[in-house]
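J.: For reference, the sequence and a predicted model appear below.
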Amino acid sequence: AESYLSSEEIEYLTKYVKDGGSLLVVNNKGGDLENHNNLNDLTNVFGIEFNPDQLFDNENYSKEISRPKIKDFKKHFITRDILNIIFSNGCTIEIDKSIETEENDVSAIAFSSEESAWHKIYDGEDWLEESVEKAPIIAIGHYGMGKIVAIGNLSLFSGFHASYGIHAADNFKLISNVISWLMNKAHSQEAQLSQPIYTTVPIEQDLYYWMKEKLDEERWKNVEEVVNFALRVVKFRMRKQDSPEE
């Protein structure tokens with residue numbers, strides 16, 4: 001099925017990001033061409049373009065060469081604690097630095113391998129096979145007061161197969177970092193002090209069910225209250241331990 005954004009929708013989304021919104025754009029192998037969409041009409045505004053290709057790797061892969069294992073990352077909040085991800089049946093990305101201004105920037109934060117990666121790319125007439133070096137697969141940017149993340153792979157979010165889905169390698173951790181980065185926006189020092197920071201962390205099962213029991217007893221209103229209460233207690237006790245004895 002075709003799914004095209006209208007010019008009005010693109011204008012609205014652009015303004016939404018510029019005014020402080022966060023946007024996650026996901027494409028898949030073949031980019032706009034194979035997925036029958038026009039996401040590039042939107043992402044080009046932010047200096048990002050999904051290529052009409054599919055990435056492969058002959059050495060670093062998870063069971064099939066169409067599932068490259070990505071190990072090359074730029075240091076960023078999103079890539080913290082990430083060792084590798086599985087990028088199954090995805091497309092690469094082009095970065096256009098010419099859009100950058102004092103308020104706008106764009107960069108790639110994850111790349112294909114340097115020696116064994118290659119792609120099938122449509123050149124307007126035929127599908128060609130070419131080697132690629134450090135091809136971008138995840139891009140991030142700031143536009144006005146907002147943020148954008150572009151990823152050329154849908155299975156990171158929707159696949160549940162052990163060799164390539166959301167639970168493969170560090171895929172889930174990456175997605176958690178993406179969501180946390182997009183949700184955390186503070187445009188001034190005052191906002192940094194007043195706005196909460198959103199994060200996603202795994203909770204041990206016994207602690208989760210204990211917490212749920214206390215919430216059912218209405219000891220706290222929600223998970224947010226429990227976590228913040230626990231952190232305040234830890235902070236208080238550590239300060240007390242660190243303070244010099246009188």
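T.: Ah, there it is.
J.: Mind listing what's buried along stretch 141-150?
T.: With burial defined by 16 or more other C-beta atoms under 10 Å, the residues of stretch 141-150 counted as buried are 141-144, 146-150. C-beta coordinates here come from the backbone N, C-alpha and C atoms, glycine included.
J.: ditto for stretch 75-82
T.: So stretch 75-82, judged by 16+ other C-beta under 10 Å, has buried residues 78-79, 82.
J.: Can you report how many residues lie near F160?
T.: 10 (other C-beta atoms under 10 Å).
J.: Same check on S155?
T.: S155, neighbours per other C-beta under 10 Å, totals 22.
J.: tell me the contacts of the closest residue to it other than its chain neighbours?
T.: Excluding its sequence neighbours, the residue lying closest to S155 (C-beta to C-beta, 6 or more residues apart in numbering) is S88, at 4.5 Å. Contacts for S88 were tallied using C-beta atoms under 8 Å, 6 or more residues apart in numbering; they are 62, 66-68, 153, 155, 159, 164-165.
J.: go on, E114?
T.: Contacts of E114 (C-beta under 8 Å, 6+ apart): 72, 133-134.
J.: Next: W220.
T.: Per C-beta under 8 Å, 6+ apart, neighbours of W220: 214, 226, 229.
J.: what does H119 give?
T.: With C-beta under 8 Å, 6+ apart as the criterion, the residues that contact H119 are 51, 53-56, 92, 129-130, 132, 135.
J.: so which helix or strand takes in it?
T.: strand 117-122 (DSSP states H and E).
J.: Report the inter-axis angle for whichever helix or strand comes after that strand versus strand 117-122.
T.: Per DSSP H and E, strand 117-122 leads on to strand 127-131 as the next helix or strand towards the C-terminus. Calculated by axes from the mean of the first three to the mean of the last three C-alpha atoms, to 10 degrees, strand 127-131 forms an angle of 160 degrees with strand 117-122.
J.: Can you name every helix or strand that strand 127-131 contacts?
T.: When contacts are defined as 3 or more C-beta pairs under 8 Å, 6 or more residues apart in numbering; DSSP states H and E, strand 127-131 sits against strand 117-122.
J.: what about 10 Å?
T.: Helices and strands touching strand 127-131, by 3 or more C-beta pairs under 10 Å, 6 or more residues apart in numbering; DSSP states H and E, are strand 53-57, strand 117-122.
J.: Done for today, thanks.
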